[in-house]
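> quick one, fold the following:
(2 chains)
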Amino acid sequence: MAGSDEVNHNESKSVVPLNTWILISNFKLAYNLLRRPDGTFERELAEFLERKAPANSFPVDGVFSFDIVDKTTGLLNRVYQPAPENEAQWGIIELEKPLSTTEIVPVILFFHGGSFTHSSANSAIYDYFCRRLVGNCKAVVVSVNYRRSPEHRYPCAYDDGWAALKWVKSRSWLQSGKDSKVHVYLAGDSSGGNITHHVAVRAAESGIEVLGNILLHPMFGGQERTESEKRLDGKYFVTIQDRDWYWRAFLPEGEDRDHPACNPFGPRGKSLEGLNFPKSLVVVAGFDLVQDWQLAYVEGLKKAGQDVNLLFLEQATIGFYFLPNNDHFYCLMEEIKNFVNPNC
Amino acid sequence: MGPYDSAVSTGSTTSSPSSAAKPSEIDGLLAGAGYKVRSTELHQVAQRLERLETVMVNAPSEISQLASDVLHCNPSDIASWVDSMLVEFNPPVSIPSDLSDFSDLTYIDSVVSPAINQTVCNNSWVEHHTPQQQQQELTHQLTVVTAMEEDSGIRLVHMMMTCAESVQRGDLPLAGSLIEEMQALLTRVNTGCGIGKVARYFIDALSRRVFTPQALCPTGWSNENEILYHHFYEACPYLKFAHFTANQAILEAFDGHDCVHVVDFNLMHGLQWPALIQALALRPGGPPLLRLTGIGPPSPDGRDSLREIGLRLAELARSVNVRFAFRGVAASRLEDVKPWMLQVSPKEAVAINSIMQLHRLLGSGPTRVSAIETVLGWIRSLNPKIVTVVEQEANHNQSEFLDRFTEALYYYSTMFDSLEACSLQPEKAVAEIYIQREICNVLCCEGSARVERHEPLAKWRNRLGAAGFRPLNLGSNAFKQASMLLTLFSAEGYCVEEHEGCLTLGWHSRPLIAASAWQPIQDPVINHNNLL
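Numbering: from 1, shown residues only, chains lettered A, B, ... in the order given. The predicted model follows:
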C-alpha cells in the first residue's frame, strides 16, 4: 500500500528483464507527475516527455510507414506496411491499387494504450510494436491517433475508433483477396482493448464486418474491488488509485465505474447474445491487477455465445510486449499471427 | 539476459553480459523505445528510479512541484532526467563518476538559482550515432500524405517525379513535354488548395528550370523579402515558434548577467525582439543593459532601414525602462561580416541568434573557403553564452536533383497543407509567395545562387559538434511556451516535439522547423593559458 517509507521494488524487478523494468518504471514515475489530484492533466509536459518516432516511407527492417489524415475528422492514422518485394518501388506510397488481388492481406486497426490519457500513434513504444506486428503477421497495421482524456472524455475515443474503422473499410488501397474487400481486425492494448470492444459492438450492430478482435490486457473495471485488484495493488507498476484516476478522467463527470464503457457486462451492461460479434482473442497478464475484470469479460462473451480465446500469461506484467526480450512477447506474436491467418 | 539479445532492433547493438561491452554502448532495445541508457549503467539507472519513487511516495505534496517548477530536459536520457528531479529533494548535485570515460567533455554542475525556482541543465552528452542511426535519420522521413482522392492529383505527382528524373538525366526535351502535359492537366484540377496548389508551384519551378534557366533567381536579401517574411510570420506559427523558443533559451542564458549583447544574423523587421525586451524588463532583480546588433542587407534606396528598426526597438525599450543600445551591420552576405564589426566587449554575455541563416553558407564554389567553417569559427571566438539556431527541418541540399525535388515536394506539401488553416488575407497569399520563392531557389538555382540549402537537425548537430560547439538542452519551459503559442492557432495539426534537447514544430507529426541551442566547448589548452 502506498505510504510506507520504503517501496518494495523486488517483486516487479524479479519478473521482468532489467531494461523492461526501467522502461515501465520510468513511465510510471513520469505519469505520477502528470496526473494532477484535481483530475486535470499536465498535457504539455506529457507531450514533452513522450518519446516519438517518425514515420519512414523508405523501408527499415522490412517495414515502411506513413501518416495520413482523414480529412473528414482531422484524425491522423499511421499506416505500416511490409516493404514491397521490388526495391524499385521503395519510397513510393501506393494509394490506389489494392494490396493484392489474389491473396488476403489482413489489416489490423490498432488502438494504442495509455489508459485513454497517454501516448499517441507516433509514440516510440507503439511505433515499435506496430512494426513488429507487420513483420510477424504479414499484415498491414493502421494505428489510430484517437482523442484522449481528460480533454476529450467518453465517447470521443469510441467515436474516433468508429470513424477510423469506416475510413479503413473505404480505402481501395487496403483491399485484398479475390473478393476485393478490406479484411479488417481490431486490436488494442489497455484502453485500446477497451476501444476495440466498443467499436466492434457498434460494427456488429451496423452490419460492418470485422474479422476478429485482439484485446491485449484490455482496460475494464467496475465499482467493486476485486480480489486481484486488492492482491496486486502497487506490486507490479500499477495501483488501484491510478486506475481510478484514469476512469474519472475518461467517464462523463459524475459517473461511476459501473458505467457500461468501463464495465460492459456489469449491472448496466447489455448482453451481446445473438449479435454477429467477431471472434475475440483476449490476452491477460498474470501480474495485472485488472485481470479479474478481464476474465469476467471473457466469461461475458462466452455466456453470450460468442467465440472467445483466452491467452493467460501467468508470469507477465503489463507492458510485456513493449520489448522483444521475453517469452511472453514471442508467445503473443505467435497467437496473433495464427489469429489473423486467413487460412485458419 | 537470455536468448533474445540478438533480437532485431533499429538502432545500435545490444550488449550481452557475456561479451565485452564497450562503455559507450547503448541498450539497443531501450533505444528502439526512444531512450538512451548505457548497457553498463542499467543497474545504476534502476537504482535512481527506485530512489525517486521512494522520495515521491514519501512527499506526495511535492509531486506537483516536480511537474510545474522543475525544468525538464532531454527525457531520452533517463539518468539525467531522474537526477534533475532528485536534485529538488536532495541538493547539492554530485558529479557522476561514470562520465569520466568522455574525457573530451566538461561536465558542468546543475546550477540551482534561488531567485527563479528552476534548474538550468547543461548536459554535455555528445551523441554517438551509429552509421545505421544516421542513415535512418537521413532517409526519407515521414511525409504526411494528404489523401489524394482525385485521379488527376495522383497522376500529377507521378508526372512531376518523372519530369524531375528526366531533368536529372539531362533529358530536357522529355522534361519540357511533360511540363506542357502537366500544365494542361492543371487546368482540370482544383489548384486553389491541396495537391493541385502544390503541383502548380512545383510545375512552375520545373518550367523555370527547363525553359528559362538563365533568368535570375530572386536571391540574397532584399527589402521586398522583409515584407514577404512578415506576412509568413503572421500566417503560420513557424517563425513565431522560432522566436519564442530562441528567446526563452536566450533569457535563461542571460540569467545573472548585467551586460548582455544579442547579435541577430537577420534583423528583418526585428519581430523577435520586443518579446525579449519585455521579458528582460520583467526579470526579477531588474533588467540588464541590453545591446542588440542587427545584421541585414544594405538598403537599396539610400534609407538606413536597419537603423529605423533599431530606433523603434529603442523606443519600446525606453517605455519599459530597459537600457538599450542598437547597432546595425549592413552586409549583403553573412560571410562578409567580420567579428570586429560586432564590437563585442569581453565583459558582456553574448547571444548569437541565427534564424534560418546558417544554411545559406553551405554553397561553396571552388574559389571559396568554406564559408560555414569561417563563420562558425568566429562565432566561437566571440565566446558566446549561447548560440540559438533555427533551421528548416529538411534535406534540400542534396546534390542529386531528383532527391532534392522529392524531398521538397513532401516538405512544401506539408507546409502548404498547414497554411490551408489560415484565414488571414492578404497574409496567407503573400506567405505563399514567400514559400514559392524558397521552392524556386531550391529547385531552379545552382552554385552560389542557391542559398536555400536546408539540412536536417542531425546534420547540423554533426556540423556544430565538429566546429567545437556542444548542445544546450531546450527544456520543458521552452516546450510549454511553444505549446501555448500553438493554442493561439485554431488549426489542430501543429505539433511541437522534443528531440534530444532540441524542439521541432511540425504539421501532423512531420517536423518542419527545428530549434536548438549551442555553446562553444572550452578548449582546455586555452583555459590553461588564461591561468598564467
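> which one is the residue of the stretch 1-150 of chain B found nearest chain A nearest to, not counting chain neighbours?
When scored by CB to the nearest CB, the stretch 1-150 of chain B has residue B:34 as its residue closest to chain A, at 2.6 Å. Just so you know, the C-beta spots here come from the backbone N, C-alpha and C atoms, and that holds for glycine as well. The spatially closest residue to residue B:34, leaving aside those adjacent along the chain, is residue A:51, at 2.6 Å (CB to CB, 6 or more residues apart in numbering or on different chains).
> what about the one you found, how many residues nearby?
One way to gauge burial is a neighbour count; for residue A:51, by other CB atoms under 10 Å in any protein chain shown, it gives 20.
> next one: residue B:187
Applying the criterion other CB under 10 Å, we find 7 residues in the vicinity of residue B:187.
> quick one: pLDDT of it?
The predicted structure scores residue B:187 at 83 on the pLDDT scale.
> got it, and residue A:344?
Model confidence at residue A:344, given as pLDDT, is 55.
> does residue B:478 touch residue B:249 like I think?
Yes. Applying CB atoms under 8 Å, one finds residue B:478 in contact with residue B:249, separated by 6.2 Å.
> which ones are touching residue A:126?
A:110, A:112-113, A:119-120, A:143 (CB atoms under 8 Å, 6 or more residues apart in numbering or on different chains).
> in a strand, it, correct?
No. With DSSP: H, G, I helix; E, B strand; the rest coil as the criterion, residue A:126 is assigned helix and is not in a strand.
> distance-wise, check it relative to residue A:187.
With the distance defined as CB to CB, to the nearest Å, residue A:126 ends up 12 Å from residue A:187.
> do residue A:176 as well
Here residue A:176 is placed at a distance of 17 Å from residue A:187 (CB to CB).
> likewise for residue A:65?
Using CB to CB, we find residue A:65 at a distance of 16 Å from residue A:187.
> all strands of the stretch 201-344 of chain A, in order?
For the stretch 201-344 of chain A, strands defined by DSSP state E, counting those that start in this stretch occupy the ranges A:212-216, A:279-285, A:308-313.
> how about these in a markdown table, adding distance to residue B:198 and mean pLDDT?
As requested, these are arranged in a markdown table below (distance: least, CB to CB, whole Å; pLDDT from 0 to 100):
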| stretch | distance to residue B:198 | mean pLDDT |
| --- | --- | --- |
| strand A:212-216 | 38 | 98 |
| strand A:279-285 | 43 | 98 |
| strand A:308-313 | 47 | 97 |
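> helix or strand for the residue of the stretch 1-150 of chain B closest to chain A, which one?
Here residue B:34 is covered by no helix or strand, with elements defined by DSSP states H and E.
> next one: the one 10 residues further on
When secondary structure is defined by DSSP H and E, residue B:44 falls within helix B:42-58.
> average model confidence for that helix?
Rounded to a whole number, the mean pLDDT of helix B:42-58 is 90.
> how about that helix, does it reach chain A?
Yes. Using CB under 8 Å from any CB of the partner chain, helix B:42-58 reaches chain A at B:42-43, B:45-46, B:49-50, B:52-54, B:56-58.
> top of those by neighbour count?
residue B:45 (24 neighbours).
> residues contacting that one?
For residue B:45, the contacting residues are A:22, B:37, B:78-79, B:82, taking CB under 8 Å, 6+ apart as the criterion.
> equivalent analysis for residue B:43, please.
Contacts of residue B:43 by CB under 8 Å, 6+ apart are residue A:18.
> that one and residue B:49, how far apart?
Using CB to CB, residue B:43 is found at 11 Å from residue B:49.
> and if you look at residue A:88?
Residue A:88 is 47 Å from residue B:49, where distance means CB to CB.
> look up phi and psi at the closest residue to chain B within the stretch 1-150 of chain A.
At 2.6 Å from chain B, residue A:51 is the closest residue in the stretch 1-150 of chain A, using CB to the nearest CB. Torsion angles at residue A:51 (phi, psi; degrees, to the nearest 10) stand at phi -90, psi 120.
> for it, give its distance to residue B:77.
Distance of residue A:51 to residue B:77, given as CB to CB: 11 Å.
> pretty sure residue B:196 sits against residue B:155.
No. Counting by CB under 8 Å, residue B:155 is not a contact partner of residue B:196; they are 11.6 Å apart.
> rewinding a little: Serialize the contacts of residue A:126 to CSV and add fields for secondary structure, distance to residue B:351 and neighbour count.
Rendered in CSV, the data for the contacts of residue A:126 read as follows (DSSP: H, G, I helix; E, B strand; the rest coil; distance: CB to CB, whole Å; neighbours: other CB atoms under 10 Å in any protein chain shown):
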residue, secondary structure, distance to residue B:351, neighbour count
A:110, strand, 45, 27
A:112, coil, 40, 26
A:113, coil, 43, 27
A:119, coil, 36, 24
A:120, coil, 34, 22
A:143, strand, 41, 30
